[in-house]
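**Student:** Just need the structure, nothing else, for what follows:
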Amino acid sequence: MTDLAGEIIFHPRSAGGRHWGPPTGESYFPAAAVLAAEKSERDAFSIRVHVAHVPSVTHWTPCTVGALVPGAPGSEAMTPGARSIVYESPHVVGHLRLHGSAEENHTHAGGIARWASAEITSLCGGLSGILDPAVVHDVADLVDHAEPGIALDLLCDKLVDAKASLDVAQRVRLLTVGRAMGLDETVAFLVDAPVEQDD
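**Tutor:** Now for the predicted structure:
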């Protein structure tokens, strides 16, 4: 079976999720069961998940997914558009949604990441007077290490902490980057925030 591009989200600890939060490594090996129309779910089988960045309990994280043992019962239902429950032992810890083959989605995903990295770097230049230089350095360092999602999380957290007043263009650019990467929750604070009008 060809690996599929998809997205994963974890349940918070308060809702029965992982005790220590989402996994922090690039690869993760849980079990999954594909949801099916004719019954609640198919047989559970082991999978391997490779995440694009540290996953979250608040937003979907891009990933590639494949059956750990090709041909395992239930794995034939892993097709584009399928949705799966993610298990660790008997506990449901998250959900997967599958798109197309990893090969088909790789170029597009890589292009978004490169564009997002360039946008975050550019935005940091305009925010250097608002944020502590150490924060700007840390965000730039994350971008340099191909972690635009984490960089955007940090940038938005620090903007909230600083109660920064952004102009319309800055706000629109941040919203666009966050939504393009599927990090709507990260930039949600901007939707109703007051903005500084351009002169």
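**Student:** Tell me the secondary structure at Ala146.
**Tutor:** The local conformation at Ala146, judged by DSSP: H, G, I helix; E, B strand; the rest coil, is coil.
**Student:** these two touch, right, it and Ile120?
**Tutor:** No: counting by CB atoms under 8 Å, Ala146 stays clear of Ile120, with 11.8 Å between them. C-betas here are computed from N, CA, C, even on glycine.
**Student:** Name the residue in the two with the higher neighbour count.
**Tutor:** The neighbour count for Ala146 versus Ile120, taken as other CB atoms under 10 Å, is higher for Ile120 (23 against 15).
**Student:** Looks to me like the more buried one is in a helix.
**Tutor:** Yes: if the criterion is three-state DSSP, then Ile120 is within a helix.
**Student:** which secondary structure element contains the residue nearest to Lys158 when sequence neighbours are not counted?
**Tutor:** Here the nearest residue to Lys158 in space, its sequence neighbours aside, is Val135; by CB to CB, 6 or more residues apart in numbering that works out to 4.8 Å. Assessed by DSSP states H and E, Val135 sits inside helix 133-144.
**Student:** Kindly list the longest strand within the protein.
**Tutor:** Counting by DSSP state E, the longest strand found in the chain is strand 91-101.
**Student:** Please spell out which residues along that one are buried.
**Tutor:** With burial defined by 16 or more other CB atoms under 10 Å, the residues of strand 91-101 counted as buried are Val93, Gly94, His95, Leu96, Arg97, Leu98, His99.
**Student:** strands paired with it, and their directions?
**Tutor:** Strand 91-101 pairs in its sheet with strand 4-10 (antiparallel), strand 83-88 (antiparallel), by DSSP bridges.
**Student:** Name the stretch from those that approaches Trp115 most closely.
**Tutor:** Evaluated over the strands paired with strand 91-101, closeness to Trp115 peaks at strand 4-10, with 17.5 Å, by CB to CB.
**Student:** Using PDB, write out every CA atom in that closest one.
**Tutor:** Written as PDB, here are the backbone C-alpha positions of strand 4-10 (Å, rounded to 0.1, in the frame of the first residue of the first chain):
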ATOM      1  CA  LEU A   4      -0.900   8.500   2.200                       C
ATOM      2  CA  ALA A   5      -0.700  12.100   3.000                       C
ATOM      3  CA  GLY A   6      -3.000  13.100   5.800                       C
ATOM      4  CA  GLU A   7      -3.500  15.100   8.900                       C
ATOM      5  CA  ILE A   8      -3.500  14.000  12.600                       C
ATOM      6  CA  ILE A   9      -5.000  15.600  15.700                       C
ATOM      7  CA  PHE A  10      -4.700  14.400  19.300                       C
END
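**Student:** for this protein, what spans make up the strands?
**Tutor:** Ranges of strands within the chain are 4-10, 27-28, 31-34, 45-51, 61-67, 83-88, 91-101, based on DSSP E.
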